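Peer 1: could you work out the structure for the sequence below:
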Amino acid sequence: MNVLLLYTIEIFPYEQSWYSFYSQVFNFLKKRRNLNINLQVAYLYPASEEEKRIFEADTIEYKSIKLPDDEQFNTSKNRKVLLEYIKDNSINCIFNLMHPNIDLIRFLKFIRINSGCKILNIIHNRPDLVVFNKKQCLSNSNICDLKTVKEKIQKITYSLYIKLLDFYIKRINKISYELHDGVVLLSDSYVNIYKKMIDKNAQNIYAIPNPIPNISSKVSIECKKNRIIFVGHLTKVKAVDRLLSIWYKIQVKNKEWSLLIIGDGPERAYLESIAKNNNLERVQFMGRVKSIDYIDSAKILCLVSNFEGLPTVFLEAMRLGVVPVGYDTFPAIYDIIDNKKSGFIIPFEDEDYYVKTLFSIINDDLFRQNLARSAKLKSEKFSVENIAKKWIDIFVSLDLLSKSNN
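Peer 2: Take a look at the predicted model:
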């Protein structure tokens, strides 16, 4: 069986990539069930040279194809090239890793009719992301701060605009749903959201979280450093300025603790200026680096995002015995963390409670160690073995595997 990942940007194998999530599952099935499932990639444009350098992409062998026209999917060249690739490589199933749009729907409809491939829509975020994100951006912005005329008009006509956008997104998702053989979401909580978007009686909608990468801790829970860590892309959505505000209150009473920020992005210079202008101490911006060893050495991992899908970095931290703390801005956080047992879920923008929570962990190391051990146990829910079983069920339901494999 051959599976093709379809995405705009090149996906290549490294520890925290989408490719690695599926290759882990398929490698497990090969070893434990003797099922041979091969993974390949099709994309519009390549990953950045910096990303390839950091993750040593040139040293990794994997099968992929770049589609010739990178402006959009639905061109005659792209259709021809992908159909030939599917035929030559005996592709059985396409994993579409994107939210729907008209161009993509037309492209996939043509591919489906002419290839006979099964197509799954794998949504790696909340399914109502477009509307949710636009609500966040417009409601939290001053009209003077919006850069384009288009955004200003959206702000002025907020209620009408959101209503029309919601109607359009629901409509396009319904068309997309009817095109795909199944839709895979990250959490049961997202299944309900998705069904409301399209049809409450919809079938073939599955909840399968990403598995935890195959990692193990090199630093015992007792020996981790007095360090809080953030890992992620430095964008407005990740809202790391909130974490700097929290750190401002933490640093004064905890001179032996430090804050490590791993990641890069358009907000980095702004965040560094906040740290400098507010005389924040013991804050280090590491840029984009391999993060596992840094996570492993820390005691606490914090997220303060406007929203997430199901952050793999939380799962990695828990597997390594690092306590996760985050805002309740995404339903799937309740799948990951048992509040006050394996981490903390903080009411959105309740900064005082966030600070109080961090103090409670910092000032009671036995409490922190117990949280970390519980987090490690909780992470087993996301083990590759548990996730692989769910994928077998889907493949059997699509007649890609026989029932004897179930």
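
Peer 1: test my guess that L4 contacts D88.
Peer 2: No. Assessed by C-beta atoms under 8 Å, L4 is found out of contact with D88, at 11.8 Å. Heads up, the C-betas are built off the backbone N, CA and C, glycines and all.

Peer 1: which of the two has more neighbours?
Peer 2: Neighbour totals were compared for L4 and D88, and L4 leads with 25 against 9 (other C-beta atoms under 10 Å).

Peer 1: would you mind naming the residues that bridge with that one?
Peer 2: Using DSSP bridges, the beta-bridge partners of L4 come out as Q40, I94.

Peer 1: ok, it - contacts?
Peer 2: Q40, V41, A42, Y85, I86, N89, I91, C93, I94, F95, C117 (C-beta atoms under 8 Å, 6 or more residues apart in numbering).

Peer 1: ok, now with 10 Å
Peer 2: 38-42, 63-65, 82, 85-86, 89, 91-96, 111, 117, 119 (C-beta atoms under 10 Å, 6 or more residues apart in numbering).

Peer 1: how about K66, nearest residue that isn't a chain neighbour?
Peer 2: Nearest residue to K66 in three dimensions, chain neighbours excluded: Y43, at 6.0 Å (C-beta to C-beta, 6 or more residues apart in numbering).

Peer 1: checking the one you found next. Helix, strand or coil?
Peer 2: Put simply, Y43 is strand when judged by DSSP: H, G, I helix; E, B strand; the rest coil.

Peer 1: count of neighbours near it?
Peer 2: Counted with other C-beta under 10 Å, residues neighbouring Y43 total 20.

Peer 1: hmm, it is touching D70, no?
Peer 2: Yes. Between Y43 and D70 a contact is recorded at 8.8 Å, counting by C-beta atoms under 10 Å.

Peer 1: okay, and the common contacts of the two?
Peer 2: With C-beta under 10 Å, 6+ apart as the test, Y43 and D70 both reach T8.

Peer 1: rewinding a little: what residues are shared contacts of L4 and D88?
Peer 2: Joint contacts of L4 and D88 (C-beta under 10 Å, 6+ apart) are I65.

Peer 1: what's V355 in contact with, if anything?
Peer 2: Contacts of V355 (C-beta under 10 Å, 6+ apart): S245, I246, W247, Y248, K249, I250, I346.

Peer 1: could you do D328 as well?
Peer 2: Y334, I337, N339, I345, I346, P347, F348, D350.

Peer 1: can you give me phi and psi for the fourth one?
Peer 2: It stands for I345. phi -110, psi 120 (degrees, to the nearest 10).

Peer 1: would you agree it is in contact with I336?
Peer 2: Yes. Look at I345 against I336 with C-beta under 10 Å: they come within range, at 9.0 Å.

Peer 1: more neighbours: which of these two?
Peer 2: I336 (26 against 18).

Peer 1: put the alpha carbons of the helix or strand of the chain with the lowest mean pLDDT into PDB.
Peer 2: Lowest by mean pLDDT, DSSP states H and E among the helices and strands of the chain is helix 49-54, with a mean of 73. What follows is helix 49-54, C-alpha atoms only, in PDB (Å, rounded to 0.1, in the frame of the first residue of the first chain):
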ATOM      1  CA  GLU A  49      17.000  26.300   2.600                       C
ATOM      2  CA  GLU A  50      17.300  27.300   6.200                       C
ATOM      3  CA  GLU A  51      14.800  24.700   7.300                       C
ATOM      4  CA  LYS A  52      16.500  22.000   5.200                       C
ATOM      5  CA  ARG A  53      19.900  23.000   6.800                       C
ATOM      6  CA  ILE A  54      18.600  22.900  10.300                       C
END
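
Peer 1: low-confidence stretches in the stretch 301-406 of the chain?
Peer 2: Applying pLDDT under 70 to the stretch 301-406 of the chain picks out residues 405-406.
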